[in-house]
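Asks: This is the structure alone, sequence omitted:
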């Protein structure tokens, strides 16, 4: 008899991962009895922890009302509530919300609406996008083309869109020159973007897209002060839109509901997902700025795009319950307080380790970059699979912690980082427990290598 596991196409086809049979709070309980501290909420998803009764109740209530209807034909109170919450949370800077089922769908929608915006305004020649190297925006072909995760792109490279070019990320650990000030570094990156606009033709660019705080590919690198205002100035000068991808860093993960609130800039388009529904249902959203909405309203009057499950009532109800809980329990304050504590403890406890090159992040969103030598910042050989080894070591019985590994942060191929992104309701003792486990994992991996 064929087992259920044999029917799933796993990431490693013949290597099924651990089976999780229950969960609570910060913990995942596996079939073999391990209680694993989910220190990353999966991929920065489980923002309020697992198995929260308030969220489960909201989902059950929505099931009693309506589980599904086709959004192009109907709307629901659940969809209207979360859309209203999202637009109001931006102080009406973003005036419409397009609700989808994943982060990748939100990115695809942002690319499409950027293109339609320019067509509606009589500029059909705008067909290009500019993005950043060492970025990741999703796994569908359009999103994969804008991102620059070399390993994930490699097999699909020949079928990816060729209308995307890439510039340097804001990556001060490796990008800043010795003695260079933040101001000079920002200017250098803005000048590089300007040169790219000129190289492809300023009037051919739809938008520049960037993660507000980088996600897994670059390992939680916050922008230096002034970066996004300088970048938006370049976009505005040439009539291109600014798309800020907050799939990972948004919805409270960085300490404010929207990460751009800390950057002194408002995007034209914004994508959110992971922290929006906190994993209780698949949901993402595109937030649309007023000038884009106005262009479509005054033109064709519609958005030429749809998804079967857009505005799904159960997902919307779950997301609204999550966001209500975050507000009612003042969890954004907790993200800032415990995030500062987490960053300080990580720096104190592992920052001096000879194989830890950088500890960086903001809020409850932290990355640890590993190197062979702190002075030269030399990455480990790709074949060593250091980040994956750290992850797998963490899952062992003596540690029982899940960390999110990634690679390619140096040049798209080399480089190893792990991410830490616990639930927003984490306490100080739990932060201490988390850091204890991380320290022991790192000692186990490197001090025995």
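Replies: Nice, I can see it. This one's a predicted model, so the numbers in the text were calculated from it and none came from an experiment.

Asks: What ranges does the stretch 51-200 of the chain have for its helices?
Replies: 53-65, 77-89, 103-120, 141-146, 150-153, 172-175, 182-200 (DSSP state H, counting those that start in this stretch).

Asks: and those helices, which one is worst for confidence?
Replies: For the helices of the stretch 51-200 of the chain, mean pLDDT drops lowest on helix 150-153, to a mean of 90.

Asks: Just say which of the helices of the stretch 51-200 of the chain is most tucked in.
Replies: Greatest average neighbour count among the helices of the stretch 51-200 of the chain goes to helix 103-120 (a mean of 24), per mean count of other CB atoms under 10 Å. (Each C-beta comes from the backbone N, C-alpha and C, glycine too.)

Asks: got a list of contacts for it?
Replies: 98, 100, 124, 126-127, 129, 137-140, 142-143, 146, 206-207, 209, 241, 243, 245, 247, 268-269, 271-274, 284-286, 288, 292, 295-296, 298-300, 303-305, 307 (CB atoms under 8 Å, 6 or more residues apart in numbering).

Asks: a strand runs through residue 288, doesn't it?
Replies: Yes. Assigned with DSSP: H, G, I helix; E, B strand; the rest coil, residue 288 falls within a strand.

Asks: So what pairs up with it in the strands?
Replies: Listed beta-bridge partners, residue 288: residue 96, residue 269 (assigned using DSSP bridges).

Asks: Next, count neighbours for residue 314.
Replies: When neighbours are counted by other CB atoms under 10 Å, residue 314 registers 24.

Asks: right, and it touches residue 64 too?
Replies: No. Proximity of residue 314 to residue 64 does not meet the contact threshold set by CB atoms under 8 Å, at 10.9 Å.

Asks: shared neighbours of the two, anything?
Replies: The overlap between the contact sets of residue 314 and residue 64 (CB under 8 Å, 6+ apart) is empty.

Asks: Please produce CSV containing the helices of the stretch 51-200 of the chain, extended by distance to residue 217.
Replies: What follows is the helices of the stretch 51-200 of the chain, written out as CSV (distance: least, CB to CB, whole Å):
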stretch, distance to residue 217
helix 53-65, 29
helix 77-89, 26
helix 103-120, 14
helix 141-146, 12
helix 150-153, 9
helix 172-175, 13
helix 182-200, 17
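
Asks: circling back to that earlier point, now, which of the contacts of helix 103-120 lie within strands?
Replies: Among those, the members found in strands (DSSP state E) are 98, 100, 129, 206-207, 209, 241, 243, 245, 269, 271-272, 284-286, 288.

Asks: Which parts of stretch 89-103 count as buried, going by neighbours?
Replies: Within stretch 89-103, the residues scored as buried using 16 or more other CB atoms under 10 Å are 89-90, 93-103.

Asks: so, if you compare those, which one comes nearest to residue 185?
Replies: Of all the buried residues of stretch 89-103, residue 93 has the smallest distance to residue 185: 27.3 Å, by CB to CB.

Asks: Which residue, other than its chain neighbours, is closest to that closest one?
Replies: Closest residue to residue 93 apart from its sequence neighbours, by CB to CB, 6 or more residues apart in numbering: residue 266 at 4.7 Å.

Asks: just checking, that neighbour is part of a strand?
Replies: No. Applying three-state DSSP, one finds residue 266 to be coil, outside a strand.

Asks: who touches the nearest residue to residue 250 once chain neighbours are set aside in this structure?
Replies: In space, and not counting its chain neighbours, residue 250 is closest to residue 272: 4.6 Å by CB to CB, 6+ apart. When contacts are counted by CB under 8 Å, 6+ apart, residue 272 touches 86, 106, 246, 247, 250, 251, 258, 284, 285, 287.

Asks: Also residue 47?
Replies: Contacts of residue 47 (CB under 8 Å, 6+ apart): 41, 251, 252, 253, 274, 275, 278, 279, 322, 326, 423, 424.

Asks: Identify those among those that sit within strands.
Replies: If you go by DSSP E, the contacts of residue 47 have nothing in strands.

Asks: Pull out the buried members of those residues.
Replies: Among the contacts of residue 47, those classed as buried by neighbour count (16+ other CB under 10 Å) are 41, 251, 252, 253, 274, 275, 278, 279, 322, 326, 423, 424.

Asks: The host helix or strand of residue 345 - what's its average pLDDT?
Replies: Assigned by DSSP states H and E, residue 345 belongs to helix 331-350. The average pLDDT for helix 331-350 rounds to 98.

Asks: downstream neighbour of that helix in the secondary structure list?
Replies: Next in sequence after helix 331-350, counting helices and strands by DSSP H and E, comes strand 356-362.

Asks: how close does the residue lying closest to residue 406 once chain neighbours are set aside sit to residue 274?
Replies: Once flanking residues are discounted, residue 406 sits nearest to residue 216: 4.1 Å by CB to CB, 6+ apart. Distance, residue 216 to residue 274, by CB to CB, to the nearest Å: 11 Å.

Asks: I'd assumed residue 37 was in a strand, is it?
Replies: Yes. Residue 37: assigned to a strand according to three-state DSSP.

Asks: coming back round to it: residue 391 is nearest to which of the helices of the stretch 51-200 of the chain?
Replies: Distance to residue 391, taken as CB to CB, is lowest for helix 150-153 among the helices of the stretch 51-200 of the chain, at 15.5 Å.

Asks: ok, of the ones in strands among the contacts of helix 103-120, which come out buried?
Replies: By 16+ other CB under 10 Å, the ones in strands among the contacts of helix 103-120 give 98, 100, 129, 206-207, 209, 241, 243, 245, 269, 271-272, 284-286, 288 as buried.
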